[in-house]
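Novice: I need the structure of the sequence given here:
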Amino acid sequence: MSRDIFIVSNSTDELGGVTAWMYQTARLFTEQGHRVHTIGIHASERKMALPERPGHPVTALYPAHPPTPWTPHGIRDRFRVPSRRREAARVAEKRRAVARLSGLFAAARPGAVVVVTQVWAMEWVGEADTTGLRVIGMSHESYDYSRASHRYRWIRNHYKDIDHWLVLTEEDADRWAGDGMNNVGFLPNALARLPHLPSPRTARTVASIGRLTDQKGIDLLLDTWALVAPQRPDWRLRVYGTGEDEAALRAQCTALGLDGSVKWMGRTDDVEAALAGASVFVQSSRGEGFPLALLEAMAGGVPCAAFDCAPGVREIVRDGQDGLLAPAGDVPALADRLLRLTGNPRLRDALGDRARSGVQRFSEPEVGRRWEELFAFLER
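Specialist: Residues are numbered from 1 along each chain as shown. This next block holds a predicted model:
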């Protein structure tokens, strides 16, 4: 049956994997005959290139990131009139945003579904009127990464009473269930497309694609490359992405003497072309969910070396079969995997070919079928 589906995220245009997932999934739902509306809590400053005509309505509740709640420090602070006025304005603006969200939900047809992609956005959905709608919450990171952050408390507070909530792997679902979350299931991210041709794997280039933030571990990658570069002087590392850590990372690169072998490529709106120009892909994240960049690299036939930082990573990359994994945060081990891949073209070709074939188990038709099964289950 055709449903109204609302996909709610922190932002509808922020540069990053969740935004890419949001538009990919909206397209998938639309192609399956559903009526989709993507909603962001706010518009983002660091924007992602989006489809000119996405094929569905797109709404941002705030024009910019809303202010955080005011927490007075001490008795004197409680009586500061300007702070109290700003807090009153914030509360009033949030009330208007929630009312707008409730209005969008109220216009939906019977059987509508709300998919909340990030736990922060659930704060607004939780205050909105969702009468008659099924609410699905999601987490795009591993159990361990959530457990070590403030988001763990948010998940426990906001997700325990909704209709269903999804993580990306069965291993993480089992861990959350063991933690008392009895409404949890799992569903992987989908591979958007398979490039017509794989990378020729002829360029002496290693590629990294991701935001320049602590989570993505580019500082660890630079430390890794400092061990690889002296033994592979004719290879180059291309770092694609932007982020708040860029200045510090560039300084680290210079301090390590890597300016001649590291190329800062900035953001790219053509990931497929970036991967086609690489012979090896590396992912150095401290934490992940089910990384789309890893899926895309493997779909392009680019052999991958990655930190085994989450169940989603080791579900995508089968170590020694279609890629190489290193223990999370182990810089010498990741350097060893890169040295093996950069030094052995036969290994690159074998792993790249197997990766391109094996990653198709996460195809859009298969993931779309599982979404339909979930929607039908929630209607029982």
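Novice: element containing the closest residue to Glu379 other than its chain neighbours, please.
Specialist: Spatial nearest neighbour of Glu379, excluding adjacent residues (C-beta to C-beta, 6 or more residues apart in numbering): Gly111 at 6.6 Å. Placement of C-beta: from N, CA and C, glycine included. Assessed by DSSP states H and E, Gly111 sits outside every helix and strand.
Novice: Please report the distance of Gly111 from Thr30.
Specialist: According to C-beta to C-beta, to the nearest Å, Gly111 and Thr30 sit 17 Å apart.
Novice: Also Met138?
Specialist: Per C-beta to C-beta, Met138 is found 19 Å from Thr30.
Novice: Show me which of the two is the more surrounded one.
Specialist: For the pair Met138 and Thr30, the greater number of neighbours falls to Met138 (24 against 15), based on other C-beta atoms under 10 Å.
Novice: surely that one meets Ala121?
Specialist: No - between Met138 and Ala121 there is no contact under C-beta atoms under 8 Å: 9.7 Å.
Novice: coming back round to it: the residue nearest to Glu379 is in contact with Ala376, isn't it?
Specialist: No - if you go by C-beta under 8 Å, Gly111 and Ala376 don't touch, sitting 10.5 Å apart.
Novice: Looking at these two, which one has more neighbours?
Specialist: Set Gly111 next to Ala376 and count neighbours by other C-beta under 10 Å: Gly111 wins out with 16 against 10.
Novice: Phi first, then psi, for that one.
Specialist: Reported as degrees, to the nearest 10, the phi and psi values for Gly111 are phi 90, psi 10.
Novice: Let's see the pLDDT reported for it.
Specialist: pLDDT recorded at Gly111 is 93.
Novice: how about it, what does it touch?
Specialist: Shown in contact with Gly111 (C-beta atoms under 8 Å, 6 or more residues apart in numbering): 1, 3-4, 134, 379.
Novice: If we use 10 Å, what do you get?
Specialist: The contact partners of Gly111, taken as C-beta atoms under 10 Å, 6 or more residues apart in numbering, are 1-5, 132-134, 375, 378-379.
Novice: So which of the residues you listed sit within strands?
Specialist: Among those, DSSP state E puts 4-5, 134 in strands.
Novice: which one of those residues has the most neighbours?
Specialist: With neighbours defined as other C-beta under 10 Å, the most crowded of the ones in strands among the contacts of Gly111 is Ile5; it has 26 neighbours.
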